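Colleague: what's the 3D shape of this:
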Amino acid sequence: MKKISLLIVIASLIINICAYSLFEDQSGNYIHSFSARTSAMGTTGAAGGQSLFDSSINPSNLSFLERDFNADLSLNFVNNEDDRSIPLYNFFDSYIDNATYSNNSNIFNNTAVGASYRLSNGTFGFTAGMMYRPIIDFSSIYDEQVRNDASSDADTYPPILAKNAIKGEGSIDAYSLMLSSSYSFNEINKLALGLELAFLDGSQDYKKTINWTEFAHTAAGQGVLNDSLYKANYNYDGLMFKLGANYNLNRRLRLGFAFQPKATLDMTVKSHKEFDIIYPEEKLEGDYILPTSIRWGLTYLPRNPFKTTFQMDMEYKKYSEISKFYDDTYAVFVGMEHYIGRAMPLRLGFKHEQSFGNAEIGAISMPTVSAGTAFPIAKNLVLNISGEFSTRTYECLDLFHDSFYDHNGLWRTIKPKDRGWENPDKVEEQFLKVQTNLSYTW
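Modeller: Numbers count the residues shown, from 1 in each chain. Reported below is the predicted structural model:
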């Protein structure tokens, strides 16, 4: 058990691949769509077709775009706030409360662009499109201070022993060719099939450091403590396929289905470690796996004086293909768009996703609420904007092991010891995502 007076931060030097949150240590942060309309409507889009970026969810959506030529530019901002706390116990080892020892708030961004064109004779239609977008983002920043067990009051704090940091940057990008063909049985019933072939390429730079302060060097003795460094560079390349289908059942209901089979990317890693000694650079090769994804959904247009659209999707991801210790996940997406007269649309959404887990903590639920609208800028040019807020709470082990800081002269009364799953950290995270995209149609 760790006893602290203010901040005692500790965790292990382990290899992570981080993305916004330090929880996704192998998967990275998956980006569903760059459509602000889709994001505002709970990221629904299996039976979409209102935006070019909907085709990243279901490529057959290309056949349902209202105009023959479509071009989109999207900019996405994500703010991640991470609060980590440790349990506090009294003299009788009874639980008191959780004390926050680290708070990090960082903003990340990424961009996507795409264009498509359709040929149609009324019965048959063929649409081709190209798109660039990041699908996995490895961005992460984490800083913390390690302080000893000296007493503190309103004016003084325990001295800082070390400053720890984790930083990851990079992404896996998709360069996609999308094809969709459609057949209209009559004015109402229409069937569309779609295919996305994506060439995946990307890299990640990852660094984890522990830097001792001058106070620690003086207390422990000069030459006793050595700064620690782990850094790695990852490179990825491979192919991804996605199949989709859409069917207009009647004037009110459209059904959609998308299937992405397991994609295995080649991964090469170059890593370097510096602890008490400097280790030679290591080179490894392996696989990075995007698990099978199955998604289905519907769009419903109720009878209403003003245009209203309801959408709902469900998704299943087979994370057990990555490791037998991971849980498969399910997600539900719900969204609505309502036009107030002929003015701007009001879009609202909700989604409930599970982050893949492991044997100790299982899958972590992350509910999200969203809203958005659109503004006409000029003829055929529209600006869409959306905002999302997500939160989740889970338990995890330290990021830097306590025992690493167990040196003579650094502590007054305690000896830091590693904590296991019997006494884990509590992590509370909030995500605020703002997405905009500029759409041109002709």
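
Colleague: where's residue 397 relative to residue 270, distance?
Modeller: Distance of residue 397 to residue 270, given as Cβ to Cβ, to the nearest Å: 26 Å. From N, CA and C alone the C-beta is placed, and that goes for glycine too.

Colleague: now swap in residue 306 and tell me
Modeller: For residue 306, the distance to residue 270 equals 58 Å [Cβ to Cβ].

Colleague: Show me what the longest helix anywhere in the chain is in contact with.
Modeller: Using DSSP state H, we find that the single longest helix of the chain is helix 214-220. Helix 214-220 is contacted by residues 159, 160, 161, 162, 224, 225, 407, 408, 409, 410 when judged by Cβ atoms under 8 Å, 6 or more residues apart in numbering.

Colleague: Among the residues you listed, name the ones in strands.
Modeller: When the contacts of helix 214-220 are checked against strands (DSSP state E), the matches are 160, 161, 162.

Colleague: Name the nearest of those relative to residue 44.
Modeller: Closest approach between the ones in strands among the contacts of helix 214-220 and residue 44, by Cβ to Cβ: residue 162, at 46.3 Å.

Colleague: Next, the contact list for residue 81, please.
Modeller: 103, 104, 105, 429, 430, 431, 432.

Colleague: Checking it next. Helix, strand or coil?
Modeller: strand (DSSP: H, G, I helix; E, B strand; the rest coil).

Colleague: Can we start the residue count at 551 from this point?
Modeller: Noted, 551 is the first residue going forward, which turns the last one into residue 631.

Colleague: Which residues does it form beta bridges with?
Modeller: residue 655, residue 980 (DSSP bridges).

Colleague: Look up phi and psi at residue 855.
Modeller: With angles defined as degrees, to the nearest 10, residue 855 sits at phi -60, psi -30.

Colleague: Tell me, how many residues neighbour the closest residue to residue 930 other than its chain neighbours?
Modeller: Setting aside the residues directly before and after it, residue 930 is nearest to residue 991 in space (Cβ to Cβ, 6 or more residues apart in numbering), at 5.2 Å. For residue 991, the neighbour count with other Cβ atoms under 10 Å is 16.

Colleague: mind showing which ranges of the stretch 851-992 of the chain have poor pLDDT?
Modeller: For the stretch 851-992 of the chain, the stretches with pLDDT under 70 are 907-913.

Colleague: Which parts of it are helices?
Modeller: In order along the chain, the stretch 851-992 of the chain carries no helices (DSSP state H, counting those that start in this stretch).

Colleague: Strands of that one, start to end?
Modeller: 858-867, 879-889, 895-905, 914-928, 931-946, 975-991 (DSSP state E, counting those that start in this stretch).

Colleague: out of these, which comes closest to residue 842?
Modeller: strand 858-867 (7.1 Å).

Colleague: and the one helix or strand residue 817 maps to, what other elements does it pack with?
Modeller: Per DSSP states H and E, residue 817 falls inside strand 813-824. Applying 3 or more Cβ pairs under 8 Å, 6 or more residues apart in numbering; DSSP states H and E, one finds that strand 813-824 contacts strand 778-798, strand 832-840.

Colleague: what's the farthest-apart pair in the contacts of helix 764-770?
Modeller: 710 and 958 (18.1 Å).

Colleague: quick one: which of these two has more around it?
Modeller: Neighbour totals were compared for residue 710 and residue 958, and residue 710 leads with 16 against 9 (other Cβ under 10 Å).

Colleague: For the more buried one, name its beta-bridge partners.
Modeller: Residues in beta-bridge contact with residue 710 (DSSP bridges): residue 697.

Colleague: Any stretches of the stretch 651-800 of the chain with poor pLDDT?
Modeller: Judged by pLDDT under 70, the stretches of the stretch 651-800 of the chain that qualify are 702-705.

Colleague: The longest helix of the chain: which residues count as buried?
Modeller: Neighbour-count burial for helix 764-770, with 16 or more other Cβ atoms under 10 Å as criterion, is recorded at 766, 769, 770.
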